[in-house]
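Asks: quick one: sequence plus predicted model below, questions after.
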Amino acid sequence: MSSNANDSSSETASVLDVQHFNAYTYCRVAEEHFTLLHAKTLEPALQQLFADVEAAKHLRLTLDFGALTEYDSYLVVWLQAVKRFCQERGITLDVQNLTDQMRDFIALLEKPLTKKPVEAEVETSWHRYVESIGEATLQVWADARFFIEFLGEFFINVTYLIRAPRSIRWSEFPTQITKSGVGAVPIVALVGFLMGVIVGYQGAMQLAQFGAEIYLADMVAISLARELAPLMTAIIVAGRSGAAFAAEIGTMQVAEELDALTTMGFNPMRFLVMPRVLAVTCVMPFLVLFADIAGMFGGLLIGVGTLQLSVSGYLNETKVALTVAHLSSGLIKSLVLGAVVALVGCMRGFQVRGGAESVGHFTTSAVVSGIFLIILLDAVFTVIFQAIGL
């Protein structure tokens, strides 16, 4: 046991030459090689140095690296351990005979070791709420800017279409009319019929109190023609065609088919967007007329079944109440709403980046954005039509 202790002591002395003076401890680094390969001898020497300093109870330690010729990053780790030891015990550390190259080397590698870890701020629900509002605001601004750019590019291609009608793929036009128009007739007619039933039933209970049952026809016809039929039809088209356009173009974006079209000289706006937008814009007035007819039929059933009105009386009152202005206001709305729904769906498809998750996200966003714009534009049209007397 004593032989091993003596060997360890002599080995430590060959690495570090420690001398104690009255007011400080002087340590000369006798080892010329200060690398990770020599850590087996340097680590015990470091622990022995700590023990000697603590035993001497000195408040100053001087390290002399004058004999050092070879070193690597282990020197920085070793020196950091000495600094921590001195800092914890209030000992002043004096490092001597370091070359400028060694000082630069130590200063460069010391930064990560001396940098205090930054504690993560604890986010409260209020912070997350404010942050989500900011992110949503930035996203809305980015979407609005992209939509304006997309709309501008669309109108540029519309002017080009007027000069060169054969520039778009007209063969796609009947297909899109069939998908967006003919395919939507059953659900549009059903929703229109139910809206007529709801409005008729709610109105019948109120009108019966005043003996004005015949005016049920006026209420159902005008409310459907001006507001309900265009609004509900546009929402249905947004859920069907808007989502379909976003999914189709988004999938093509993920598969890099849009890049392939551009490489082959095709303009994606004319090749994909314009046939879809024109098709939806053309079929929207007809879908609104189907919704009007179905809704008025629903109101007729309520009037005849609940208020005992005659079929001829209800139809005659509807004919008197339903003017060209009422019908035209709804049809004008339908043209604009149909174009906006198709444009938003196509725009969301072009925004897709990544994979299937992005396609699903922007497909949902196409429906939500479309419905929001539908309601917003419907309110704008209501104010404008009221101002111009339509």
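Replies: That came through fine.
Asks: what mean pLDDT does the helix or strand that contains residue 316 have?
Replies: For residue 316, the element it lies in under DSSP states H and E is helix 311-321. Regarding helix 311-321, the rounded mean pLDDT is 89.
Asks: tell me the buried residues in the helix or strand following that helix?
Replies: Counting by DSSP H and E, the next helix or strand C-terminal to helix 311-321 is helix 324-350. With burial defined by 16 or more other Cβ atoms under 10 Å, the residues of helix 324-350 counted as buried are 326-327, 329-350. For glycine as for every other residue, the C-beta is placed from the backbone atoms N, C-alpha and C.
Asks: go through the helix or strand just after helix 324-350 and flag the buried ones.
Replies: Downstream of helix 324-350, the next assigned helix or strand under DSSP H and E is helix 356-388. By neighbour count on 16+ other Cβ under 10 Å, the buried set for helix 356-388 is 359, 361-363, 365-367, 369-371, 373-374, 377-378, 381, 385.
Asks: tell me the one of those nearest residue 22?
Replies: residue 361 (75.3 Å; Cβ to Cβ).
Asks: and the pLDDT at that closest one?
Replies: Predicted confidence (pLDDT) for residue 361: 87.
Asks: same deal with residue 3?
Replies: At residue 3, pLDDT is 40.
Asks: what sits against residue 167?
Replies: With contact taken as Cβ atoms under 8 Å, 6 or more residues apart in numbering, residue 167 is in contact with 160-161, 270.
Asks: before we move on, what about residue 314?
Replies: With contacts defined as Cβ under 8 Å, 6+ apart, residue 314 is in contact with 214, 216-217, 299-300, 303-304.
Asks: if you set the cut-off to 7 Å instead, what comes out?
Replies: Counting by Cβ atoms under 7 Å, 6 or more residues apart in numbering, residue 314 touches 217, 300, 303-304.
Asks: please report how far residue 74 lies from residue 310.
Replies: Here the criterion is Cβ to Cβ, to the nearest Å. By it, residue 74 lies 103 Å from residue 310.
Asks: packing partners of the lengthiest helix in the chain?
Replies: Determined from DSSP state H, the single longest helix within the chain is helix 125-163. Applying 3 or more Cβ pairs under 7 Å, 6 or more residues apart in numbering; DSSP states H and E, one finds that helix 125-163 makes contact with helix 324-350.
Asks: average pLDDT across the one helix or strand residue 220 maps to?
Replies: Assigned by DSSP H and E, residue 220 falls within helix 216-223. What helix 216-223 shows for mean pLDDT is 90.
Asks: dump that helix to CSV, restricted to CA.
Replies: What follows is helix 216-223, C-alpha atoms only, in CSV (Å, rounded to 0.1, in the frame of the first residue of the first chain):
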residue,chain,number,x,y,z
LEU,A,216,-95.9,34.4,-46.2
ALA,A,217,-95.3,34.0,-49.9
ASP,A,218,-93.7,37.5,-50.0
MET,A,219,-91.4,36.7,-47.1
VAL,A,220,-90.2,33.4,-48.4
ALA,A,221,-89.7,34.5,-52.0
ILE,A,222,-87.8,37.8,-51.2
SER,A,223,-85.7,36.3,-48.4
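Asks: which residues touch it?
Replies: 196, 199-200, 203-204, 207, 295-296, 299, 303, 307, 314, 317-318, 321-322, 326.
Asks: C-terminal to that helix, what's the next element?
Replies: helix 229-237.
Asks: who are the packing partners of that following helix?
Replies: Judged by 3+ Cβ pairs under 7 Å, 6+ apart, helix 229-237 is in contact with helix 185-207, helix 274-306, helix 324-350, helix 356-388.
Asks: how long is stretch 239-246 end to end?
Replies: 11 Å (Cα to Cα, to the nearest Å).
Asks: any idea how far it is from the middle of the chain?
Replies: 19 Å (Cα atoms, centre = their mean, to the nearest Å).
Asks: what's the neighbour count on the closest residue to residue 153 other than its chain neighbours?
Replies: Nearest non-adjacent residue to residue 153, counting by Cβ to Cβ, 6 or more residues apart in numbering: residue 269, 5.9 Å away. Here the number of neighbours of residue 269 (other Cβ atoms under 10 Å) works out to 19.
Asks: so residue 269 versus residue 365, what's the distance?
Replies: Using Cβ to Cβ, we find residue 269 at a distance of 20 Å from residue 365.
Asks: output the lowest mean pLDDT helix or strand found in this protein.
Replies: Lowest by mean pLDDT, DSSP states H and E among the helices and strands of the chain is helix 2-15, with a mean of 48.
Asks: check the residue nearest the centre of the chain and give its pLDDT.
Replies: Residue closest to the average C-alpha location in the chain (Cα atoms, centre = their mean): residue 139, at 6.8 Å. At residue 139, the model reports a pLDDT of 87.
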